[in-house]
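Chemist: below is the sequence, then the predicted model.
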Amino acid sequence: MAAQETTARDGGGQDGGGQDGGAQKRIALVGGGIIGRMHVAAMANVPELALSALIDPMRSAADLAGQYGVPWYPDLETALAAARPDGVLVASPNETHLPLARLCLKAGIPVLLEKPPANSIDEARELVALQAETGVPVLVGHHRRYNPMIRTAKAAIDAGRIGELVLATVICSLYKDEPYYTVAWRTRTGSGGPLHINLVHEIDLLRHFFGEIESVTAQVSNRRRGFQVEDTAAATVRFAAGGLGALTISDAARGPWSWENTSAETKRFPAHAAQAHFFSGSRAGLSLPDLRLWTHPPDGSWYDPQNSETLPFTPADPYAAQLRHFAAVIDGAEPMIGALDGARTMATLEAIILAAETGQETRVPEIGAA
């Protein structure tokens, strides 16, 4: 996929890994589903951390806890009363994120909170205010930022390789299987659709690369699956810096054009030789995940052949890098993606939802430091 050269290594650079925090830190995991299990698998490669408890209301999670060799608790309150962990990793259904984060912050326990950090702009503001009030760190789980591929793209963009962003195009076509929707919360508005589960990642990446989004337009549809929640959406965004973006997403559409099915980020999904992100700038174009940079010759135009180069990077597990960073956050490091940063992505997502409801261009609500 890309030439192999060390640009950002798993455990180095921005993730804060490698710091000597002393004893192994005990991490309580809330949620024994797909994402929770992925975190546990990654934790096996992070010697700074050790799983200390599994919290999940499903009685079947007790068997999973037994496999991990840790105690099982049906709720976080019971777990915290039994043994205080050094950190809590929340990977439960979206609608539970804020209540669980609230418990952790009031108990003075750092939390790694899976995206989205909240289900509404009001919840996001509450999270930001509570984090500021307690001073307890929140790390929002946008794991892609730790991927060396993304770090390499970010470095190229920050170095001016593509110039000013003119147009960003993001495609996400996923065909999720029917068993995926046997979990009821994934069919309900406000929690389980591709906007909250998948598009939130794309919004975070666009903000990470190009700065804040000023306004949006959008349309959504639930025609394919007929659930309460959407299955397909299209949005346009206007960046404060002036560029435009177009995002299309569906979890009921076939085709390989998505981060999940092209990036080889996890073995859960096959990786296809296709691209899903296209960034067109005033100097060059950049596509992902192939990290191919396209340039004209000096004074070139659409009449001239373009040259391309593949930016080198060394692949590494972003989930493990995120966990290493969480270990550093527990030791006092500044979170790479704190509550405020996560809330601003949430504000953009809520603006997209409102724009789809009203049919109007919608400004992204401001969320300042609390």
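Modeler: Nice, I can see it.
Chemist: tell me which helix or strand the residue lying closest to residue 230 once chain neighbours are set aside sits in.
Modeler: Distances taken as CB to CB, 6 or more residues apart in numbering place residue 220 nearest to residue 230, at 4.1 Å, with adjacent residues excluded. For every residue, glycine as well, the C-beta is placed using N, CA and C. Element membership for residue 220 (DSSP states H and E) is strand 213-221.
Chemist: can I get the CA coordinates of that strand in PDB?
Modeler: C-alpha atoms of strand 213-221 as PDB (Å, rounded to 0.1, in the frame of the first residue of the first chain):
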ATOM      1  CA  ILE A 213     -16.100  23.700  10.100                       C
ATOM      2  CA  GLU A 214     -18.300  26.800   9.900                       C
ATOM      3  CA  SER A 215     -21.600  25.600   8.300                       C
ATOM      4  CA  VAL A 216     -23.200  22.500   6.700                       C
ATOM      5  CA  THR A 217     -26.000  21.300   4.500                       C
ATOM      6  CA  ALA A 218     -27.300  17.800   4.500                       C
ATOM      7  CA  GLN A 219     -29.900  15.200   3.500                       C
ATOM      8  CA  VAL A 220     -30.600  11.800   5.100                       C
ATOM      9  CA  SER A 221     -32.600   8.700   4.200                       C
END
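Chemist: so which bits of it are buried?
Modeler: Going by neighbour count (16 or more other CB atoms under 10 Å), the buried part of strand 213-221 is 213, 215, 216, 217, 218, 220.
Chemist: sheet-wise, list the partners of it with their directions.
Modeler: With DSSP bridges as the test, strand 213-221 is paired with strand 232-239 (antiparallel), strand 362-363 (antiparallel).
Chemist: which secondary structure elements does the lowest-mean-pLDDT helix or strand in the chain contact?
Modeler: Across the helices and strands of the chain, the lowest-confidence element by mean pLDDT, DSSP states H and E is helix 194, at a mean of 92. Helix 194 sits against no helix or strand, with contacts defined as 3 or more CB pairs under 8 Å, 6 or more residues apart in numbering; DSSP states H and E.
Chemist: ok, residue 103 - contacts?
Modeler: With contact set as CB atoms under 8 Å, 6 or more residues apart in numbering, residue 103 has these partners: 76, 77, 80.
Chemist: for the most centrally placed residue in the chain, grab phi and psi.
Modeler: Nearest to the centroid of the C-alpha atoms of the chain, with distances taken as CA atoms, centre = their mean, sits residue 142, at 2.7 Å. Main-chain dihedrals, residue 142, degrees, to the nearest 10: phi -90, psi 80.
Chemist: show me the contacts for the closest residue in space to it that isn't next to it in sequence.
Modeler: Of all residues not flanking residue 142 in the chain, residue 204 sits nearest, at 4.5 Å (CB to CB, 6+ apart). Remark: with contacts taken as CB under 8 Å, 6+ apart, residue 204 is in contact with 115, 142, 144, 145, 337, 345.
Chemist: can you map out the helices along the chain?
Modeler: Along the chain, counting by DSSP state H, helices occupy 34-43, 61-68, 76-82, 97-106, 121-134, 148-158, 194, 200-210, 318-330, 339-358.
Chemist: show me where pLDDT drops low in the chain?
Modeler: The model of the chain has pLDDT under 70 over residues 1-22, 190, 369-370.
Chemist: hmm, back to that, now the residue nearest to residue 142: how far from residue 277?
Modeler: Distance from residue 204 to residue 277, counting by CB to CB, to the nearest Å: 13 Å.
Chemist: need the residues touching each of the two.
Modeler: Residues touching both residue 204 and residue 277 by CB under 8 Å, 6+ apart: none at all.
Chemist: reformat the strands paired with strand 213-221 as TSV; add distance to residue 257 and mean neighbour count.
Modeler: Conversion of those to TSV gives the following (distance: least, CB to CB, whole Å; neighbours: other CB atoms under 10 Å):
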stretch	distance to residue 257	mean neighbour count
strand 232-239	14	21
strand 362-363	26	18
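Chemist: pretty sure residue 233 contacts residue 222?
Modeler: No: using CB atoms under 8 Å, residue 233 is not in contact with residue 222; the gap is 9.9 Å.
Chemist: so which of the helices of the chain is the most surrounded?
Modeler: With neighbours defined by mean count of other CB atoms under 10 Å, none of these is more surrounded on average than helix 318-330, at a mean of 25.
Chemist: who does that one touch, helix- and strand-wise?
Modeler: With contacts taken as 3+ CB pairs under 8 Å, 6+ apart, helix 318-330 sits against strand 25-30, helix 34-43, strand 49-55, strand 87-90, strand 111-114, strand 138-141.
Chemist: report the angle between that helix and helix 34-43.
Modeler: Between helix 318-330 and helix 34-43, the angle comes out at 80 degrees (axes from the mean of the first three to the mean of the last three CA atoms, to 10 degrees).
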